[in-house]
Every structure is written in C-alpha cells, then in structure tokens.
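> return a 3D structure for these sequence lines:
(one chain, ligands or ions: 1)
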Amino acid sequence: MPEKMNIAVLASGRGSNFEALAIAALKEDSPARIVLLITDSPGAGALRIAERMAIEARVVECGPKRGAMTSESSFTMREFCIRKGVNLVCLAGFMRIIKGPLLDEFAGRMMNIHPALLPSFKGLDAQRQALDFGVKYSGCTVHFVDGGIDTGPIIIQRIVPVKQDDTEENLATRILAEEHKAYPEAVRLFAEGRLYVDGRRVIIR
Ligand code: GRF
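Numbering: from 1, shown residues only. Sure thing, here's the model as predicted:
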C-alpha cells in the first residue's frame, strides 16, 4: 500500500465539510488521511468533530480584522503544517483570506470549497446571491487557492437546481449535500496525482 497523503483542514465554523473529508479518509482505500485541523475560532464546531474523530487540532489566533489574517498567524499555521508533513491544505469554511507564508508554502497544494458555481457569486452569502440573481441552477465548486477570493483554477463543480420557492436555507442544505461529495472527490484526485493545472484549466487524468 503506497503511503497516504497528509491533509490539513482549515475551518472556522460548523465543520461539516471537514467531517465529510475525515470520514472519506477513513476508508481503507483512501489515498489521503487527515492529520490536522486548524481553526481561528475556539468555538468552532469543527473542534468537537476533531476531538470525536481523534484528529489533532490547533487554534490559531488570526487577529481582530474580519476576513484577514496576520502574517504571524500565517507563519504559525505554516509551521504546524510542515511539522505534520502536510502535502495538501483544504479550506473548509475558513473565514479569512489566506496570505503570506502559508499561501507561499502551499501554492498549488491548497484547495477551497465554495457554495456556488464559480465564477458566479464569489465571496460571502453565495446562496443568497444566487437566489437574489434568480439563477435556475447553482451548486458548489472546489478550486485551487490563489491570492484572490474564490478565483483559483476550478477542479470540480456539482450542480443543484434552484426551486421556485427555495429559501436561502433550503438551497444551502441541498448545496451542502453536494459539497460533501465534491470535496472528498477532489482530494482523492489530488492524492492520486491525477490533477494537472494548465493555466486556468485543471486537467483530470
Ligand atoms: C460551506 O458552505 C462552504 O462551501 C463554505 O462555508 C461553508 C462551511 O460549512 N466555504 P461547514 O463548516 O463545512 O459545515
């Protein structure tokens, strides 16, 4: 059995995508394993999931500015990841823009999941944005992380029809179910060495 790829997950909140990744990684044939959870929030639900699943977790204070992170916190996260031999960093509801040493170290080895079909509806409240715009289909996107907000090359998308009477909550729930399939699939493809980035395009071999 080849050695498994080490994954760190960064999450600020509930942690359902973290849990989906952790459950997928428990499968015997998984090419990846989750070795670390990092959060910026001591109250994150993701911390309880990590405890239950016996995954090492760290809380890193990222500074008072909403959506931003200090360079010290970026450096600290980088150190934690390197010490655990992390090959891939997965953002799963991490509410700060990644910059600095962490991004430099993991360029091309960092993914994010977004609850809309990018490049539509970047940033916060993507499900609300989709409803307000009146699209008939939305969904989720797993993409590589670059310096921008939800701008990196797209790895996988899954489509969710928008119903006429949808509320933000209903739509978010159906999109979330697809997120839980898309993210483990993208991680598996990466861990199997099947993703090639050609400019903006991600080729799956
Ligand atoms: C998900 O909708 C994800 O797409 C977005 O933030 C939410 C995180 O949810 N980036 P959870 O913490 O994984 O449950």
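
> CA only for contacts and neighbour counts going forward, please
Noted.

> buried stuff in whichever helix in the chain runs longest?
Of all the elements of type helix in the chain, the one with the most residues (DSSP state H) is helix 168-191. By neighbour count on 16 or more other Cα atoms under 10 Å, the buried set for helix 168-191 is 168, 171-172, 175-180, 182-191.

> what residues are up against the closest residue to residue 108 other than its chain neighbours?
Leaving aside its chain neighbours, residue 108 sits nearest to residue 144 (6.6 Å; criterion: Cα to Cα, 6 or more residues apart in numbering). Going by Cα atoms under 8 Å, 6 or more residues apart in numbering, residue 144 touches 108, 109, 110, 111, 112, 152, 153, 154, 155.

> is it true that the second one touches residue 89?
Yes: when contacts are counted by Cα atoms under 8 Å, residue 109 is listed as touching residue 89 (6.4 Å).

> have a look at those two and say which one is more surrounded.
residue 89 (28 against 17; other Cα atoms under 10 Å).

> which pLDDT value goes with residue 1?
Among the per-residue scores, residue 1 holds a pLDDT of 63.

> ugh, wrong one, residue 89
pLDDT at residue 89 comes out at 98.

> residue contacts, it?
7, 8, 9, 10, 106, 109, 110, 111.

> average pLDDT for whichever strand or helix holds the last one?
Under DSSP states H and E, the secondary-structure element containing residue 111 is strand 110-114. For strand 110-114, the per-residue pLDDT values average out at 98.
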